[in-house]
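>>> I would like the atomic coordinates for the input below:
(chains A, B and C)
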Amino acid sequence: MSTLSAVVGAFQTPYSPCVNQQSLEEMIFAATTGALNDAGLTIDAIDAVVLSVSDQASGRIIESMVTNGPSGGVDRDVTTLASSSEHALCYANLRILAGQSQRILVVAWGKPSEGVDPTHAEILAAEPFLLRPLGMRAVVAAGLQASQYISRYPIEPNAGTQLRESRARASERAYGLPEGYFDDETSKDFIAWPLTEADLPRRCDLAAAVVLVHPDAVTPDQTPAWVTGIGWATDGYEIADRDLCELTSLRTATATALGDRSIEDFDVIEMTEISTIGSFIAAEALGLETAGNGSRIVSRTAPALNPSGGNLMINPGNAGGFMRMLQAAQQIRGKAGPVQIHPTPGTAVGVGSHGFAAQGSAVMTFSATRDNRNEV
Amino acid sequence: MSHSTTTRIVPAPIITEPVFFEQTWDLEYRHALGETVGGFLQALRERKLLGRVCPSCDRVLFPARSFCDRCHTATGDWAIVGNTGVIEMFTIVYERFPGMLVDAPYVLCYALLEGADTAVAGYLRGVDLTDIAAATKQIYTGVPIRVVFTDNPQGKVTDFWFELAE
Amino acid sequence: MMRNVAIAGFGQSNFVKSRTDVTFPELVREGATLALADAGITSSDIQAVVFPLAPDALIGVGNGERWCVEAVGAQGKPFMRINTGGATGLTAVQAAYMHVASGLFDVVLVAGADRVSESKSAQSILNKMWDTGYERLYPLNTITMLALSAQRYNDKYGATEEDMARVTVKNRAHASLNPHAHLRAPITVDDVMATRMISWPLKLADLCPSSTGAASMVLVSEEYAKRLDRPVAWVRGIGQCAETIWMGDRVGPKALQDHGDAESLATAIERSYVQAGITDPREQIDVAEIYAPFSSTELHVIEAARLAPLGESFARIAEGEFSLGSPGTIINPSGGTLCTNPIAVTGLVRAGEVFLQVTGCAEARQVAGASVGLATAIGGDHQFYASMVLANHLEEIS
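Numbering: from 1, shown residues only, chains lettered A, B, ... in the order given. Just a heads-up that it's a prediction; the model follows:
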C-alpha cells in the first residue's frame, strides 16, 4: 500500500472520570476546535466530517443530530459510523482514496458518566433471546476469553499485575496525574472470573478529533503522520463459534494493514486491551508473540507498547479504538507530550477493537515519512 | 456443520402461534448541561430570557448556547431577549403519542422573540382548538405573541409559554 | 469521479407492518440473499459489507449490526455500520461506493432491515433525538417537526391540504403497481381529507407507515461489472449535506435556510448533479426516487431537486405531472417513502428502485426508456441529506 492520507491535527480533552461542568456537545466542540488549531486550519477548510456514535451509550437517539453542530458538520458532507470509532477513521481514508474529500474532520467521544448504569446499556447490545438473559456484556465476554486462555496456557501469576502497573504509571504520566493515582483500592472480587476489577478497563469521559487529509494537501507548516496501511475485519457474533484466543479478525486486519511488513519492524504499537489477559491474546494475534506466550510483552522494550497507557485506565467507551490510532499518530508527530518516545519514532501501529471479546478490529499503520517504499 | 452418524434427527417442533420476547429499554441518564444552558435555565427562575451572541455571524442565539454551529465559534456576550415576538411556524397536535406527557389537542410552535435571531419552541395557549378552521385563522406565521411565565418558575423551558398578543 | 462503480444487484422483501416469522438477523438475510441472487454471485464473492441500521432503539438491540454478521456472510470480513437516521440506507450505499472507488475492494454488499412497528413507542424514542437542555421537554418527533415544515411551506406558497393529498393519491397509485410496497390501496383526495388529523396540517393519510422488511444491494468495480452478465447502474454523482439541528434557526431574517424549504437537500443534490454533469434536471433526469415520508415533504423536495421551481411543485402535480404515464420526470414510481418506510433501509430502497428503473427491471412501474435517475434520502430533523445520480451508461449525460 502506498501512502493513503496524513493526520495533520489531533486533540483530546483532558482526563476526567466524570465531566459534570460541560455538556457532551461542549466537549466535542473543544475537541474539534483543538484539532483544527493543531492543524492550523479553520472549519472552512474541511470538506467532510465523519462522526462515530453510539446511541445507547449516550442516551441520545440518532446521536449524530446533537453532535453534528459542535463537530463542524453544518453545511458539510457528514457521514456517521455507528459500529465503532476506529471504523470512522477507516471510512475517512476510503473517502480520500476515492477522491471524494481532501480534508476530513473525524470525531469520536464517550461520556459514560452520563449513563446512570452504563453496564445496563451494554447488556442491551446482547441479542435478546439467549445472551441477554445471561447478562452478556463486555466484561463477561472478556472473562470468557480470559478463562479460555488460562485453561490452555500457563501464565506467570504476576503477569497481569505487572501489565496493569505499567499501564497505570504510563497513564498517570500521559495525563499529568500524580503517581499512584490509579492505585486506589479496587475490589479483589471477581467481576467475571478470572478477571477482577484491576484486570478490566476503567471508564472515563473524553472527546477527541483528528484532521485527516489527502497526502497532497499537507502543507509545510503542518506536522503529518502519514497513514501507510489500513485493514479491518469483524468476526461472527456467536461467541461459541469463535476461538476467543485466536482473534481471527484482528489477524486478518493486521495482515491487510501490514502487507509484507512485520509487526516487529514497527517502533510503537498502541492497541486496545479489553483486559490484562486480553492484552496477551491481542499481542499474539498481532504476531508479537507466539501462541501461549503473550504475557512476555510485559518484559518487552521494543516495540513500545501502549506508551500512552492504553485504555486499561482510560476507557472512554465508544471512543477507545479511535484513541489508539490518535495516540499512535501523535507519537509519530512528536506530540505525545509527557509520554513521547525519544528519538521520535519513525513507524507506529494503532489497533482498535470493539464488540464482545474483540469481535472486530481495525489496524492502521503510520510513518514519519511519506515515501515508504524503502522503509517501514 | 455436518451430521455425524450419532446425530439423531427428529421432527420439527410445531408452533401454532408466533413467539415473542418483550422488553422495555429502561435506561436512565443524567446529562450534564454545562454552564451556558445552566445559566439560561437559572435566569428563567427570575423570568429572564437570555441569549448569547456569536462574534462571527452576530446572531443572538436563543435560548443561550455556548457555541454557534453555523460558524463553529464560541459565543461570547449574554444578551437579554424580550417577551414579545411573532410565531414563525406552528402545528396543532391532535394525536396522543404514547410516552408524550401532554394532553392533546395543543399548539406547538416556534416563536421569534424581540432581540433574538433564532426562534424558540414552545406551547401556544389560550386558543380554542375545537374548530381547526377557526383556530388556523387566529394562528398563522407572523401573528404577534407574548411570553407568559408560570407563577413558580422551576428553571425549565416549560416555565414559559406563548399567548396571542391582544 | 475517479474509479467507476456500479450497482450490480438489488433485493427487497415485500414490506409489511410486521413480520412475526423471523428474527432481525433472519430478516436481514432475506434481503441479502435476494441481492446476491440478483447480482448472480454468492456471499463468498463479497469482500466487504456496509450495514445500514438506525436507530438501535427501534429494533431493541444496541449495536444490532454485530448480531447480524453471520446473516450477511460477513464473518472475518471488513464490516461497518452507518447510522444517519432516515438517510442511513443511502449513506450506506455511498459508503459502499467509497469502498469500491477507493480501489481497495471490487465487490461490496450493503444489507439491512428494519422493523419499525416492533417498537411500540417509536415516536417517544424519536423524541430523544433532540437536545437535552431545551427541546426534549416538548413533544417534538418526526411528525410534529414535519408538520411545522408543512405549515410554513403552505403559508409561504399558498399550498393547501388538498395539494398535499394529491401527492398521496399519486404515490398510492404508483404503489398499487409495486408488489414490494407496504400501502398499496389507491386513494382519492376526499379519502385523504377524511382521515383523522394527527398534527395539523398532517392527517393520517399524509403520513408514511411504519414498515418492516429488508433490502440489500451489491456494488462492484468496473472490471468486475464487465465479468457479470447483467445490466448495471453506474454511480455518476454523489453528494451529502447536513443542516443545523435547531429548527428555530431556519426561520427569521438571519436564517440561511427556511424550514419550509429544503435548501440543505438542494445543496446535497447539487453536489451530486455537479459530479454527474446534470445541468438541467427536468430534461436530464428521467426518474427520481426522492425521499419524502409525508405528502407535504414531497412538495419541497421536488423543488430542492430543481424538478419544479420553488413553490410550483403542487400546481404541477395537480396537472398530472410526475405521474407514471405522463411525459417528463416521473417521481417516486415505486410509491416512495410515503407508502413504504422501513427507516434503516428506506434510503437504500430509493437507490434500488432507480437501479431497477434504469436497468429496465421495474416491471409494472417501469418508466419507459429510463436511463438516468436520482435517489435521495433525509435523516434526523431534516438534518442529514444524501443524494445519488445513477445512469445505465458512462457517457456524458445529455
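>>> Low-confidence ranges, the chain, go.
Went with chain A since none was named. Applying pLDDT under 70 to chain A picks out residues A:1, A:372-376.
>>> oops, chain B please
For chain B, counting by pLDDT under 70, the residues that fall below are B:1-4, B:20-26, B:98-101.
>>> Tell me which stretches of it form helices.
B:34-45, B:132-138 (DSSP state H).
>>> Pull out the buried positions in the first one.
Same thing as helix B:34-45. B:34, B:36-38, B:40-41, B:43-44 (16 or more other C-beta atoms under 10 Å in any protein chain shown). Quick note: C-beta positions are derived from backbone N, CA and C, even for glycine.
>>> Without its sequence neighbours, what residue ends up closest to the closest residue to chain B within the stretch 251-376 of chain A?
The nearest approach of the stretch 251-376 of chain A to chain B comes at residue A:317, 13.3 Å away (C-beta to the nearest C-beta). Leaving aside its sequence neighbours, residue A:317 sits nearest to residue A:110 (C-beta to C-beta, 6 or more residues apart in numbering or on different chains; 3.0 Å).
>>> need the residues of the stretch 1-150 of chain A near chain B, please.
A:19-26, A:29, A:32-33, A:42-43, A:56, A:58-59, A:68-70, A:72, A:74-75, A:111, A:113-117, A:120-121, A:124, A:128-129, A:132 (C-beta under 8 Å from any C-beta of the partner chain).
>>> The helix or strand bottoming out on mean pLDDT in chain C: what's the following helix or strand?
The weakest-scoring helix or strand in chain C, judged by mean pLDDT, DSSP states H and E, is helix C:122-127 (a mean of 67). Using DSSP states H and E, the helix or strand that follows helix C:122-127 towards the C-terminus is helix C:142-157.
>>> chain center to that next one, what's the gap?
20 Å (C-alpha atoms, centre = their mean, to the nearest Å).
>>> Which positions in that helix come out as buried?
Those would be C:142-155, C:157, for helix C:142-157 by 16+ other C-beta under 10 Å.
>>> which strand of chain B spans the most residues?
Determined from DSSP state E, the single longest strand within chain B is strand B:84-93.
>>> list the contacts for the residue of chain A found nearest chain B?
Of all residues in chain A, residue A:69 sits closest to chain B, at 3.1 Å by C-beta to the nearest C-beta. Counting by C-beta atoms under 8 Å, 6 or more residues apart in numbering or on different chains, residue A:69 touches A:25, B:67, B:69, C:244-246.
>>> excluding its backbone neighbours, what's nearest the residue in chain B positioned nearest to chain A?
Nearest residue of chain B to chain A: residue B:69, at 3.1 Å (C-beta to the nearest C-beta). Of all residues not flanking residue B:69 in the chain, residue A:69 sits nearest, at 3.1 Å (C-beta to C-beta, 6+ apart).
>>> The one you found and residue A:207: what is the separation?
Distance, residue A:69 to residue A:207, by C-beta to C-beta, to the nearest Å: 14 Å.
>>> Which helix or which strand is home to the spatially most central residue of chain C?
By C-alpha atoms, centre = their mean, chain C has its centre lying nearest to residue C:347, at 3.0 Å. Here residue C:347 sits within helix C:343-358, counting by DSSP H and E.
>>> C-terminal to that helix, what's the next element?
Counting by DSSP H and E, what follows helix C:343-358 is strand C:372-379.
>>> Which positions in that following strand come out as buried?
Using 16+ other C-beta under 10 Å as the test for burial, strand C:372-379 gives C:372-379.
>>> close to chain A, is it?
Yes: using C-beta under 8 Å from any C-beta, strand C:372-379 reaches chain A at residue C:379.
>>> The helix or strand that comes right after that strand packs against which elements?
From strand C:372-379 onward toward the C-terminus, using DSSP H and E, the following helix or strand is strand C:384-391. Contacts defined by 3 or more C-beta pairs under 8 Å, 6 or more residues apart in numbering or on different chains; DSSP states H and E place strand C:384-391 against helix C:88-101, strand C:233-242, helix C:263-276, helix C:343-358, strand C:372-379.
>>> Strand C:384-391 pairs with which strands, and in what direction?
Note on strand C:384-391: by DSSP bridges, its sheet partners are strand C:233-242 (antiparallel), strand C:372-379 (antiparallel).
>>> do you know which of the ones you listed lies nearest residue C:359?
Judged by C-beta to C-beta, the one of these that comes nearest to residue C:359 is strand C:233-242, at 5.8 Å.
>>> show me the contacts for residue C:9.
Counted by C-beta under 8 Å, 6+ apart, residue C:9 has contacts C:35-41, C:217-218, C:230.
>>> Repeat that for residue A:178.
Per C-beta under 8 Å, 6+ apart, neighbours of residue A:178: residue A:172.
>>> Quick check: it vs residue C:277, distance?
To residue C:277, residue A:178 is 62 Å away according to C-beta to C-beta.
>>> what's the answer for residue A:211, then?
Distance from residue A:211 to residue C:277, by C-beta to C-beta: 31 Å.
>>> just residue A:72 next, same as before
From residue A:72 to residue C:277 the distance is 30 Å (C-beta to C-beta).
>>> ok, the two, which is more surrounded?
residue A:72 (27 against 15; other C-beta atoms under 10 Å in any protein chain shown).
>>> doesn't residue A:43 make contact with that one?
Yes: between residue A:72 and residue A:43 there is a contact at 4.3 Å, judged by C-beta atoms under 8 Å.
>>> Find the residues that touch each one of those two.
Common neighbours of residue A:72 and residue A:43 (C-beta under 8 Å, 6+ apart) are A:32, A:36, A:105, B:72.
>>> same for chain C: which of those are within range?
Restricting those to those touching chain C (C-beta under 8 Å from any C-beta) yields no residues.
>>> Out of those, which is nearest to chain C?
residue B:72 (11.4 Å).
>>> Redo the helices and strands packed on strand C:384-391 as a markdown table? Include mean pLDDT.
Formatted as a markdown table, the helices and strands packed on strand C:384-391 follow (pLDDT from 0 to 100):
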| stretch | mean pLDDT |
| --- | --- |
| helix C:88-101 | 98 |
| strand C:233-242 | 97 |
| helix C:263-276 | 97 |
| helix C:343-358 | 97 |
| strand C:372-379 | 97 |
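>>> does the residue located most distally from the centre of chain A sit in a helix or strand, and which one?
Most distant residue from the mean C-alpha position of chain A: residue A:129, 30.1 Å away (C-alpha atoms, centre = their mean). For residue A:129, there is no host helix or strand (DSSP H and E).
>>> tell me the phi and psi of it?
phi -80, psi -40 (degrees, to the nearest 10).
>>> Assign a three-state SS to residue A:324, would you?
Classification of residue A:324 using DSSP: H, G, I helix; E, B strand; the rest coil returns helix.
>>> Tell me who's in contact with it.
A:86, A:270-272, A:310-311, A:350-352.
>>> measure the residue most central in space within chain A to residue A:80 for me?
What sits nearest the mean C-alpha location of chain A, by C-alpha atoms, centre = their mean, is residue A:321, with 2.1 Å. Going from residue A:321 to residue A:80 by C-beta to C-beta gives 16 Å.
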